[in-house]
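In: Any chance you can model this:
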Amino acid sequence: MVDAVVVRATGGAEVLELTQVDPPEPGPGDLLVEVAAAGVNYIDTYHRRGIYPKDLPFVPGNEGAGVVRAVGTEVEGVDTGDVVAWADVAGSYAQQVVVPARSAYPVPEGVGAEVAAAAMLQGLTAHYLVTSTYSVKPGDTVLVHAAAGGVGLLLVQAAKARGGRVIGTVSTAEKEELAREAGADEVIRYTEKDFADEVARITDGTGVAAVYDGVGKDTFDRSLSCLAPRGMLALFGASSGAVPPVDPQRLNAAGSVFLTRPTLAHHIATPEEFRWRCDELFAAISADRLRVRIGGRYPLAEARRAHEDLEGRRTTGKLLLLPG
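Out: Predicted coordinates for the structure are as follows:
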């Protein structure tokens, strides 16, 4: 038997139950991995609460890194003992998980398993947002909400690496310091000032080329008002709740702007795209051009506390569960 966190009924963080389950068995094309670290993400809370429904019971978690313990048939290029990382693979809050080989990325030497686990989902999200959703160009000014969060810190660095000017929003002085360390040119404490008014002041009224918004309901309207004509609002999450239905005419009135609701799965849908994004992500990490901040480490038994801290906005950087 192996330890795993199981959700038997949707609800608050109290429904996360540490229990023992039968060891998983890899099928053709799969790897059995001993989990060194599993990432904690907002999407896990959506699954737990039933906002994104899943069949019950289920083991939450969508990313991690660990050591390959068994290799299924039809798998080439991976051996037992290899360290791999994965994203968008269900069931990662466990001591062992089955990972499709096509979804496993070999962790480069010199990159620890914890950093690899922390980088996958949020790092790949930052990558597709600045390369594919709105391709940041030198001289672009972009707005990053929750700039001291897990995705936010990576987004700031990724946009700066492409020559962008970054405005970040945060809630505290501590988070402002982290956003500035990541490279943010301007930081707005939204608890003290209206961020849309500040964006207008900083840009001399022209607005920004793109807003990267993982907050949702609380920021959506003001985010829309921050855009320059033909700008892009990339709504990639909803930590404050879902955005109500939107009249498309509002996009016209805001300056023929664009609104998109992207998700990672559609940006790593082929092995080639997954590999390309991982190659660029880990090359940046290995060269110290991209720094991954781990803001909290929790034993697997404390998954509830990790969710409570994340939803309570008491965290910065990435949260990890450590099954060992």
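
In: and Asp82, how many residues sit next to it?
Out: Counted by other Cβ atoms under 10 Å, the residues lying close to Asp82 total 16. (Each C-beta comes from the backbone N, C-alpha and C, glycine too.)

In: Let me see the confidence value for the residue nearest to it when sequence neighbours are not counted.
Out: Among residues not flanking Asp82 along the chain, Val68 sits closest, at 4.7 Å (Cβ to Cβ, 6 or more residues apart in numbering). pLDDT for Val68: 98.

In: Any buried residues in the helix or strand that contains Val68, and which?
Out: Per DSSP states H and E: Val68 is located in strand 63-71. Buried residues in strand 63-71, counting neighbours by 16 or more other Cβ atoms under 10 Å, are found at 63-68, 70-71.

In: Look up which helix or strand the residue nearest to the spatial centre of the chain falls in, please.
Out: The centre of the chain sits closest to Gln122, judged by Cα atoms, centre = their mean, with a distance of 2.7 Å. Assigned by DSSP H and E, Gln122 falls within helix 113-128.

In: Make CSV from the buried residues of strand 63-71 and add distance to Asp88 to it.
Out: As requested, the buried residues of strand 63-71 are exported to CSV (distance: Cβ to Cβ, whole Å):
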residue, distance to Asp88
Glu63, 7
Gly64, 11
Ala65, 14
Gly66, 16
Val67, 20
Val68, 18
Ala70, 21
Val71, 21
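
In: is it true that the residue nearest to the centre of the chain touches Gly150?
Out: Yes - counting by Cβ atoms under 8 Å, Gln122 touches Gly150, with 4.6 Å between them.

In: one step back: partners of the strand holding Val68 in the sheet?
Out: Strand 63-71 sits in its sheet next to strand 30-40 (antiparallel), strand 83-87 (antiparallel), going by DSSP bridges.

In: mind listing what Val187 touches?
Out: Val187 makes contact with 147, 167-170, 176, 179-180, according to Cβ atoms under 8 Å, 6 or more residues apart in numbering.

In: Distance of Ala38 relative to Val142?
Out: Going from Ala38 to Val142 by Cβ to Cβ, to the nearest Å gives 30 Å.

In: More neighbours: these two, which one.
Out: It is Ala38, of Ala38 and Val142, that has more neighbours when counted by other Cβ under 10 Å, with 33 against 27.

In: what's the strand or helix carrying Val142 packed up against?
Out: Using DSSP H and E, Val142 maps to strand 141-144. Helices and strands touching strand 141-144, by 3 or more Cβ pairs under 8 Å, 6 or more residues apart in numbering; DSSP states H and E, are helix 150-161, strand 165-170, helix 195-202, strand 208-213.

In: which outside residues touch it?
Out: Contacts for strand 141-144 (Cβ under 8 Å, 6+ apart): 134, 136, 152, 155-156, 159, 164-169, 184, 195, 199, 202-203, 208-212, 223, 226.

In: Same check on stretch 292-302?
Out: Applying Cβ under 8 Å, 6+ apart, the set of residues contacting stretch 292-302 is 3, 5, 18, 38, 40, 93-95, 114-115, 118-119, 123, 150, 153-154, 178, 285, 305-306, 309, 315-323.

In: Please repeat the previous calculation with a cut-off of 6 Å.
Out: Contacting residues not belonging to stretch 292-302 are listed as 3, 18, 115, 118-119, 153, 306, 315-323 [Cβ atoms under 6 Å, 6 or more residues apart in numbering].

In: for stretch 168-178, same thing?
Out: 144-145, 147-148, 156, 179, 184, 187-188, 190-191, 195, 316.

In: Which member of these is positioned nearest Ile51?
Out: His145 (19.4 Å; Cβ to Cβ).

In: and the contacts of strand 141-144, which are buried?
Out: By 16+ other Cβ under 10 Å, these give 134, 136, 152, 155-156, 159, 164-169, 184, 195, 199, 202-203, 208-212, 223, 226 as buried.

In: For stretch 131-142, list every residue counted as buried.
Out: 131, 133-134, 136, 140-142.

In: Off-centre distance for stretch 67-87?
Out: How far stretch 67-87 lies from its chain's middle: 24 Å, per Cα atoms, centre = their mean, to the nearest Å.

In: same deal with stretch 241-251?
Out: The answer for stretch 241-251 is 23 Å, by Cα atoms, centre = their mean.
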